[in-house]
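1. Next one to model:
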Amino acid sequence: MKYMKVKREREEEVMEVAVAGMVIKKVEEVMVVEVEATEEEVRIKKEEEKKAILVTKERKAKREIKATKDITTTKKEIKDTILKKIMKKNTRRKEAKRKTIITMTDIAQNTTREKKEIKDQR
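-> Next up, the predicted model:
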């Protein structure tokens, strides 16, 4: 079975009629039949159209998912950034405390050494 595409063409023929010297136009509609495709080709076209529709649906779904992901990630990112800032502050404070402790112990050791050295010199 072949699917036909029917195309109508108008062919105009000018016929001269001798009666009374008038020109009469005779218009004939000619049916031109073109073979478009076989069943397989039509089936393939339909499948391609279905695939195209599915692809567009998938793209829409991905866009929607991306939009929801953006919203959720922004919330998560905000939480993460706040936590990171807090952690940085805490680590800085801890480092500062460690440094101060080290310096205090160093100073204490230095003072005791100095005292011992002074005693030894006397």
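
2. where does Gln121 land on pLDDT?
-> On the pLDDT scale, Gln121 is placed at 68.

3. Adjust the sequence numbering to begin at 658 for everything that follows.
-> Understood, numbering begins at 658; the last thing we discussed is Gln778.

4. quick one: low-confidence parts of the chain?
-> The chain contains residues with pLDDT under 70 at 658-694, 724, 726-731, 752-772, 775, 778-779.

5. any idea how far Lys723 is from Lys708?
-> Between Lys708 and Lys723 the computed distance is 22 Å (C-beta to C-beta, to the nearest Å). Bear in mind the C-beta positions are built from the backbone N, C-alpha and C, glycine included.

6. Lys741: helix or strand, and which one exactly?
-> Secondary-structure assignment from DSSP states H and E places Lys741 in helix 696-778.

7. which residues touch Met744?
-> Shown in contact with Met744 (C-beta atoms under 8 Å, 6 or more residues apart in numbering): no residues.

8. swap that for Ile739, sorry
-> Per C-beta under 8 Å, 6+ apart, neighbours of Ile739: none.

9. what's the burial count for Val699?
-> Taking other C-beta atoms under 10 Å as the criterion, the count of residues near Val699 is 14.

10. Ok, Arg720 next?
-> So Arg720, with other C-beta under 10 Å, has 10 neighbours.

11. One more: Lys746?
-> 10.
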